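> Need a 3D model of the following:
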Amino acid sequence: GTADRFQKSAAASSPSRSAVPGPGTYTGGSSFGRQGESSKQSSECFGFGSSTRVGAAKVYLSPEHSKNDYGMSSPGPSAYSAKSAVGKQHESKKETAPSFVFSSTERFKYDFVERAARLPGAGQYNTVGACGLQTDSKKSTLPKYSFGTSNREQRDKVYISADHEKGQFGQSSPGPALVGGNSSVGKQTASKNASASSWSFGSARRFVYNTNKVPGPGSYD
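Below you'll find the model as predicted:
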């Protein structure tokens, strides 16, 4: 055939209005702002600052401007976090100063009832008396004195001096018939005393005839 195979149709060769995109249908990127394509350079952009007055006041301009801001940025009273220099210091480089306080003891308080409740009652003490014989070896027993029980007769026998004894001659001597010495008459029991000779009368009966010894009649030889 003689037909032109590669010939475009009339519809395809002549553009129609329906093939042209309308407004707002472009997909191209904006030329304002940051450009996403590397072949396009982003233009400089400027805008109004969003900082507040407090933030603007902290911007350093010059030493002369900073003189007008002395104390404005400083913390107020009781807003410091620094430790107090009074009292105990927790930092080792700071020395704790001596501190003095008033005592908390209650004065003029009579606690007789409380003290009496803590004390043991009568008869509950286990302590040994300090008077008399001490059983504890570390405590010495003190000398003890008492009134004498001697009677007058025993008192008179106490020796005081030789002159006092002269006034009592014979008072303590035994009386008659109370001498305990042995008699010197008769037999002497002490070996150092010789017994003297002694004589006595016989005790045989005299002038007594024994009739039984006289032979009877016809008994002579």
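> Does residue 66 fall in a helix, a strand, or a coil region?
Taking DSSP: H, G, I helix; E, B strand; the rest coil as the rule, one finds residue 66 in the helix state.
> Now do the contacts for it.
Residues touching residue 66, when contacts are defined by Cβ atoms under 8 Å, 6 or more residues apart in numbering, comprise residue 60. (Glycine included, C-beta is placed from N, CA and C.)
> quick one: pLDDT of it?
Predicted confidence (pLDDT) at residue 66: the value is 82.
> what ranges do the helices span in this protein?
Taking DSSP state H as the test, the helices found in the chain are 10-13, 53-57, 63-67, 112-118, 152-156, 162-166.
> out of the ones you listed, nearest to residue 40?
helix 10-13 (33.4 Å; Cβ to Cβ).
> which residue is nearest the centroid of this structure?
Taking Cα atoms, centre = their mean, the centroid of the chain lies closest to residue 118, which sits 17.6 Å from it.
> pLDDT wise, what is residue 1 at?
Looking at residue 1, its pLDDT is 60.
> Check the gap between the nearest residue to residue 165 once chain neighbours are set aside and residue 82 for me.
Residue nearest to residue 165 in three dimensions, not counting chain neighbours: residue 159, with 6.9 Å by Cβ to Cβ, 6 or more residues apart in numbering. Residue 159 sits at a distance of 98 Å from residue 82 (criterion: Cβ to Cβ, to the nearest Å).
> Between the two, point out the one with more neighbours.
A side-by-side neighbour count of residue 159 and residue 82, using other Cβ atoms under 10 Å, places residue 159 first with 8 against 5.
> wait, doesn't that one sit right on residue 168?
No. At 10.0 Å, residue 159 does not count as touching residue 168 under the criterion of Cβ atoms under 8 Å.
> tell me the pLDDT at the residue nearest to residue 165?
Looking at residue 159 specifically, the model assigns a pLDDT of 83.
> go on, residue 95?
On pLDDT, residue 95 comes in at 90.
> what number of residues lie near the closest residue to it other than its chain neighbours?
What sits nearest to residue 95 in space, not counting adjacent residues and going by Cβ to Cβ, 6+ apart, is residue 89, at 6.7 Å. By other Cβ under 10 Å, 14 other residues sit near residue 89.
> Identify the residues contacting residue 89.
Contacts here follow Cβ under 8 Å, 6+ apart; on that basis residue 89 touches 83, 95, 96.
> same deal with residue 49?
The contact partners of residue 49, taken as Cβ under 8 Å, 6+ apart, are residue 56.
> And it, how far from residue 34?
Separation of residue 49 from residue 34 (Cβ to Cβ) stands at 19 Å.
> likewise residue 203?
Applying Cβ to Cβ, the value for residue 203 to residue 34 is 185 Å.
> what about these two, which has more around it?
Under the criterion of other Cβ under 10 Å, the comparison of residue 203 against residue 34 puts residue 34 first, with 10 against 5.
> Name the nearest residue to that one, ignoring sequence neighbours.
Sequence neighbours aside, residue 42 is the residue nearest to residue 34 in space, at 4.8 Å (criterion: Cβ to Cβ, 6+ apart).
> what about the one you found, how many neighbours?
For residue 42, which is what you asked about, the neighbour count (other Cβ under 10 Å) is 12.
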